[in-house]
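Undergrad: Prediction below, plus the sequence it came from.
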Amino acid sequence: MKVDGKKLAQSILTYLKKDVTSIKRQGKIKPPKLVIFSVRPAQATESFMKYKAEAANKVGARFELILYRKTPRFEDFANRVKEVAENPETTGVVIQHPLPASLTTVTLLDYIPMEKEIEGFKKKSIFDEPIGLAVLTVFKHIFDPKEHKTASDILIDLKKDLVIFKRSFKRKRVVLLGRGKTGGEPIGKILAKAKINYINLNSQSSSAGSFIQQADVIISAVGQTVVIPDMVKEGAILVSVGMHRENGLWKGDYDESSIKNKVLAYTPTPGGIGPLNVAYLMNNLILAWKVQNNFLKL
């Protein structure tokens, strides 16, 4: 089964649009605003930011891209982030990765207030990481199928959905490939919150191949073709978070044509985790908007 992340994400965005419209009717309140900072983005990054802008428009949010074609001094960049983040007009701030080495530091997050850092990267964040929620949504779709799913069926509620995950992952071996700051690490945190036991492997891990061969579920956040058909057992579930360009096309961490008849379910690239990741970023943006306007307390 190919999991259509784009279709699931569209249901979430439609639901969020209705939510924004409903709240705006309750009082004179400006729509949420997402601001993205990006420094010397590659073509792939620009495409991803364009998708975020389109998603913001779909839910009725405002969008601003602050783009640097040259690498700024850290102090200047940090001060600009702080200035924008403290502006009451700004609902959520995203610092788009990758960044030049001189700017790659977690201290940048210190310049963004807790209620506006909507990627969930700050310590003790009030928001769950969108990329992790995207992965859980795929699992929920596979293990809790319903003929006519509403957005509330699709969206992850970690408290309510624990029952589904406890039942579905009983005696299942889960392997997470990659430990990156924007991939494997946040996914691991969400898996832990969902009480899903997993083994985290990277290129330095010994006996990685044997763990992968025994896995019932493989989540790959590497960005290279690292999962080959011979590694995958019959009836496994494959989730590709990593992606890369190959012959001008987006590819995931496995060749879909080689594994699709062997596995129980898999996510495609593009159209799998990516759209869901963005949909949950928009969900966090709306949650931030509600918190900042006293419609919700997290």
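TA: Looks like it arrived, so ask away. Numbering: from 1, shown residues only.
Undergrad: How about residue 64, nearest residue that isn't a chain neighbour?
TA: Nearest in space to residue 64, with sequence neighbours left out and distances taken as C-beta to C-beta, 6 or more residues apart in numbering, is residue 35 at 4.7 Å. The C-beta positions use only the backbone N, C-alpha and C, and glycine is treated the same way.
Undergrad: same deal with residue 285?
TA: The shortest distance from residue 285 to any residue other than its chain neighbours is 4.5 Å, reached at residue 92 (C-beta to C-beta, 6+ apart).
Undergrad: With residue 258 instead?
TA: Take residue 258 and drop its neighbours on the chain: the residue closest to it by C-beta to C-beta, 6+ apart is residue 229, 4.6 Å away.
Undergrad: which phi and psi does that neighbour have?
TA: When quoted as degrees, to the nearest 10, the phi and psi of residue 229 stand at phi -50, psi -40.
Undergrad: residues in contact with it?
TA: Contacts here follow C-beta atoms under 8 Å, 6 or more residues apart in numbering; on that basis residue 229 touches 254-255, 258-259, 262.
Undergrad: what's the answer for residue 176, then?
TA: Residue 176 sits next to 184, 187-188, 191, 198-201, 219, 221 when contact means C-beta under 8 Å, 6+ apart.
Undergrad: which of the residues you listed are buried?
TA: With neighbours counted using 16 or more other C-beta atoms under 10 Å, those contain these buried positions: 184, 187-188, 191, 198, 200-201, 219, 221.
Undergrad: Mind picking the two most distant members of those?
TA: Between any two of these, the greatest separation by C-beta to C-beta is 13.6 Å, found for 191 and 201.
Undergrad: Residue 81 is in contact with residue 96, isn't it?
TA: No: the pair formed by residue 81 and residue 96 falls short of the contact definition of C-beta atoms under 8 Å, at 11.7 Å.
Undergrad: mind listing the strands for the stretch 51-200 of the chain?
TA: In order along the chain, the stretch 51-200 of the chain carries the following strands (DSSP state E, counting those that start in this stretch): 62-68, 92-95, 174-177, 199-201.
Undergrad: tell me the mean pLDDT over the longest one?
TA: Rounded to a whole number, the mean pLDDT of strand 62-68 is 98.
Undergrad: what residues does that strand touch?
TA: Strand 62-68 is contacted by residues 30-41, 49, 52-53, 56-57, 77, 80, 84 when judged by C-beta under 8 Å, 6+ apart.
Undergrad: at 10 Å instead, please
TA: Surrounding strand 62-68, the residues in contact under the criterion C-beta atoms under 10 Å, 6 or more residues apart in numbering are 30-41, 46, 49-50, 52-57, 76-77, 80-81, 84, 89-91, 93-96, 99-100, 103, 285.
Undergrad: Show the contacting residues for the residue nearest to residue 64.
TA: The contact partners of residue 35, taken as C-beta under 10 Å, 6+ apart, are 62-66, 81, 84-85, 87, 89-95, 116.
Undergrad: contacting residues around whichever strand or helix holds residue 257?
TA: Residue 257 is part of helix 256-259, with elements assigned from DSSP states H and E. For helix 256-259, the surrounding residues in contact (C-beta under 10 Å, 6+ apart) are 2, 218, 225, 227-232, 236, 238, 240, 263, 266-269, 272.
Undergrad: Bridged to residue 35, which residues?
TA: Partner residues in beta bridges with residue 35: residue 64, residue 93, with DSSP bridges as the criterion.
Undergrad: Look at it and report its pLDDT.
TA: 99.
Undergrad: ok, now how distant is it from residue 120?
TA: With distances taken as C-beta to C-beta, to the nearest Å, residue 35 is found 17 Å from residue 120.
Undergrad: Same question for residue 167.
TA: From residue 167 to residue 120 the distance is 26 Å (C-beta to C-beta).
Undergrad: So the two - more neighbours on which side?
TA: Neighbours were tallied for residue 167 and for residue 120 using other C-beta atoms under 10 Å; the higher tally belongs to residue 120 (20 against 10).
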